[in-house]
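1. this one's sequence-less:
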């Protein structure tokens, strides 16, 4: 099976949004009587409390999900405790500062793109110049190694690009396939860094440092392309592939051992150094790790070893990138934490960064499901990692209040098997309960009536797209006539309008052929509406598979809208496969912006 999350595909993955400014949108499907004023929307990770199904609070609920986390723990501020860096998307490096070591929630989210550095597909913090602080190596597209020197100090780092690519002794840029994550260590205890690069053939190249040039850039000499004749192959066969590598003296015998994650290996492999620090020897058979309780995942694991609980021994944390053993299984639980105890390594959690994460390609909906006057949330995925036969729509009930929401995951809606479910909550029959419109991969939109908090199917194909698939419905009074119309995104990027020719209580939808003529995105449109320019009519914001968020300004009137492509009135990075939704979830009259992500999580932006 081809890996759905290979590094080649990561180049078009979701980049988390930064700051959203100057947008004032109505949170209602009806037009506002007046605008909500100018202001700034900013990202928040934990402004609203979210509980899991057991009632435990999630530490970082609106982090956005993880599918392919690549972690490294580094004491970046020299305060004596390990901080966390995680890469989920191409060119993005998230930073979590360890602000309260020993507590239940010691990590504080600080940045979604550390120092604004474009890190390509991987990163490594290493003291390359042996001056006591961490420098940074990253992938230079495509498949070379950039070197950032720390020109600050151990307490206050500052990174400056010194070399687009490290070079060997002949001046040739060193090639490092971007699907493999290399590493650096002083393998022979000579005080100089050695560079190790895994190959797709399962072998390891060793480059030895020969010092520094006149610009303080490390110089390397290739010693061998088959270090210690290591060749990692699949447990039962001859397959080998993309890999990750890290070093640690796990047995405390004074030399560095190798930890290897491979595309075709469901565990982590330990290659024990049977020699000494000055004379490393790797001759033994690679062993699954931890002994007696080896990692079992979908493969392609990225290990990090650190004394996380600061009890004097190394713990194991690893990101699951998704390899040969059905990567769909690990789209939600993919950041494992094994604590080292006196009796061995114990698996503590498969979601080290606790957050809302339903797997892959999440789409949100918001509305009052139970008729108690506050907003509840739904979040659907493309395919559920615990099911693998269907998409699932999860319910996050508001157990707080209309003005102080608190959400708890309380299960899911009982639905037939299907893929790419896309929910919309709206009171179609005007009875005070939010009904469910449900798009799917087939292109149909089902209609479920809310019967006092539970959904009853009224029509399996209430509306059908005239062409394409992946229906993503949104209910809105697009013509300002007092009843709800229906707009839907689609796989081809078109946006379709179905006008309500019935009534508020008995809607009947009729397709309008040219309503959004000329408006499309490059595949997988996910529309939402707001009065972005405060002129009294709805404008259009849509996600897409390739182009990120797109904005179309309403140049017509509330009764007869015409949409034209315009510059985004919000400041964002590109965000492929995002699913935006405006909704006032805390009842203050100003909507928040919720965004489903390719990584299966939920982003939240609120106005200051």
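-> That came through, no problem. Note that this is a predicted model, so its numbers are computed, not measured. Numbering: from 1, shown residues only.
2. any idea how far residue 462 is from the closest residue to residue 539 other than its chain neighbours?
-> Nearest residue to residue 539, sequence neighbours excluded (CB to CB, 6 or more residues apart in numbering): residue 532, at 4.3 Å. To be clear about C-beta, it is placed using only N, CA and C from the backbone, and glycine gets the same treatment. Computed as CB to CB, to the nearest Å, the residue 532 to residue 462 distance reads 29 Å.
3. those two: which has the busier surroundings?
-> Between residue 532 and residue 462, residue 532 has the larger neighbour count (other CB atoms under 10 Å), namely 26 against 21.
4. ok, and for stretch 478-497, which residues are buried?
-> 478-480, 483-497 (16 or more other CB atoms under 10 Å).
5. oops, could you answer that again for stretch 133-143 instead?
-> 133, 134, 135, 136, 137, 138, 139, 140, 143.
6. show me the shaky parts of this structure.
-> Low-confidence segments of the chain, defined by pLDDT under 70: 1-39, 234-239, 570-574.
7. any idea which strand is longest in it?
-> Using DSSP state E, we find that the single longest strand of the chain is strand 454-464.
8. for it, which strands pair with it and how are they oriented?
-> When pairing is defined by DSSP bridges, strand 454-464 lines up against strand 444-451 (antiparallel).
9. in strands, which of the buried residues of stretch 133-143 appear?
-> Using DSSP E, the buried residues of stretch 133-143 in strands are 135, 136, 137, 138, 139, 140.
10. the second one: what's it in contact with?
-> In this structure, residue 136 makes contact with 117, 123, 124, 125, 126, 147, 148, 150, 159, judged by CB atoms under 8 Å, 6 or more residues apart in numbering.
11. nearest to residue 509 among the ones in strands among the buried residues of stretch 133-143?
-> residue 139 (48.8 Å; CB to CB).
12. near the closest residue to residue 446 other than its chain neighbours, how many other residues are there?
-> Closest residue to residue 446 apart from its sequence neighbours, by CB to CB, 6+ apart: residue 438 at 4.5 Å. Using other CB under 10 Å, residue 438 has 27 neighbouring residues.
13. tell me which other helices or strands the helix or strand hosting residue 438 touches.
-> In this structure, residue 438 sits in strand 435-439 according to DSSP states H and E. Where contact means 3 or more CB pairs under 8 Å, 6 or more residues apart in numbering; DSSP states H and E, strand 435-439 is packed against strand 422-426, strand 444-451, strand 454-464, strand 472-476.
14. what pairs with the last one, parallel or antiparallel?
-> Strand 472-476 has its sheet partners listed here by DSSP bridges as strand 485-489 (antiparallel).
15. give me the angle between the partner strand and strand 422-426.
-> Counting by axes from the mean of the first three to the mean of the last three CA atoms, to 10 degrees, strand 485-489 points 160 degrees away from the direction of strand 422-426.
16. so what touches strand 485-489?
-> 422, 437, 439, 445, 463, 465, 470-479, 495-500, 509, 516, 524-527, 529, 542.
17. report the angle between that strand and strand 435-439.
-> Using the same axes, to 10 degrees, strand 485-489 lies at 30 degrees relative to strand 435-439.
18. so how far is strand 485-489 off the chain centroid?
-> Put simply, strand 485-489 sits 27 Å off its chain's centre (CA atoms, centre = their mean, to the nearest Å).
19. wait, doesn't residue 45 sit right on residue 63?
-> Yes - counting by CB atoms under 8 Å, residue 45 touches residue 63, with 5.8 Å between them.
20. pull up the overlap in contacts between the two.
-> In contact with both residue 45 and residue 63: residue 109, using CB under 8 Å, 6+ apart.
21. neighbour count winner among the two?
-> Between residue 45 and residue 63, counted using other CB under 10 Å, the more crowded position is residue 63 (28 against 17).
22. nearest residue to the more buried one in space, please, no chain neighbours.
-> residue 355 (4.2 Å).
23. for residue 361, same thing?
-> With CB to CB, 6+ apart, the residue lying closest to residue 361 is residue 382, at 3.9 Å.
24. tell me the contacts of that neighbour?
-> Here residue 382 is in contact with 359, 360, 361, 391, 419, 420 (CB under 8 Å, 6+ apart).
25. Three-state assignment for the fifth one, please.
-> This means residue 419. coil (DSSP: H, G, I helix; E, B strand; the rest coil).
26. roughly how far apart are it and residue 516?
-> Applying CB to CB to residue 419 and residue 516 gives a distance of 25 Å.
27. run a quick neighbour tally on residue 191.
-> Neighbours of residue 191 (other CB under 10 Å): 8.
28. doesn't residue 161 make contact with residue 115?
-> No - taking CB under 8 Å as the definition, residue 115 is not a contact partner of residue 161, at 10.5 Å.
29. picking that back up, how about the contacts of residue 382 in JSON lines, adding neighbour count?
-> Listed next are the contacts of residue 382 as JSON lines, based on neighbours: other CB atoms under 10 Å:
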{"residue": "359", "neighbour count": "30"}
{"residue": "360", "neighbour count": "24"}
{"residue": "361", "neighbour count": "28"}
{"residue": "391", "neighbour count": "26"}
{"residue": "419", "neighbour count": "16"}
{"residue": "420", "neighbour count": "22"}
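30. which one among the ones in strands among the buried residues of stretch 133-143 gets closest to residue 306?
-> Nearest to residue 306 out of these is residue 136 (CB to CB; 17.7 Å).
31. beta partners for that closest one?
-> Going by DSSP bridges, residue 136 forms beta bridges with residue 125, residue 148.
32. and it, how far from residue 553?
-> Distance from residue 136 to residue 553, by CB to CB: 41 Å.
33. try residue 154
-> Distance, residue 154 to residue 553, by CB to CB: 50 Å.
34. isn't the residue nearest to residue 446 up against residue 448?
-> Yes - under the criterion of CB under 8 Å, residue 438 makes contact with residue 448 at 6.6 Å.
35. how about stretch 365-374: buried residues?
-> 365, 366, 367, 368, 369, 370, 374.
36. okay, these in TSV with secondary structure next?
-> Listed next are the buried residues of stretch 365-374 as TSV, based on three-state DSSP:
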residue	secondary structure
365	strand
366	strand
367	strand
368	coil
369	coil
370	coil
374	coil
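37. more neighbours: which of residue 154 and residue 553?
-> Per other CB under 10 Å, whichever of residue 154 and residue 553 has more neighbours is residue 553, with 19 against 16.
38. residues in contact with the closest residue to the more buried one other than its chain neighbours?
-> Using CB to CB, 6+ apart and skipping residues adjacent in sequence, the residue nearest residue 553 is residue 566, 4.2 Å away. Residues near residue 566 by CB under 8 Å, 6+ apart: 551, 552, 553.
39. in the sheet, who's paired with residue 566?
-> Residues in beta-bridge contact with residue 566 (DSSP bridges): residue 551.
40. from here on, call the first residue 41.
-> Fine by me, first position is 41 from now on; the one you just mentioned is residue 606.
41. that one and residue 418, how far apart?
-> 30 Å.
42. go on, residue 310?
-> 43 Å.
43. now do residue 569
-> 18 Å.
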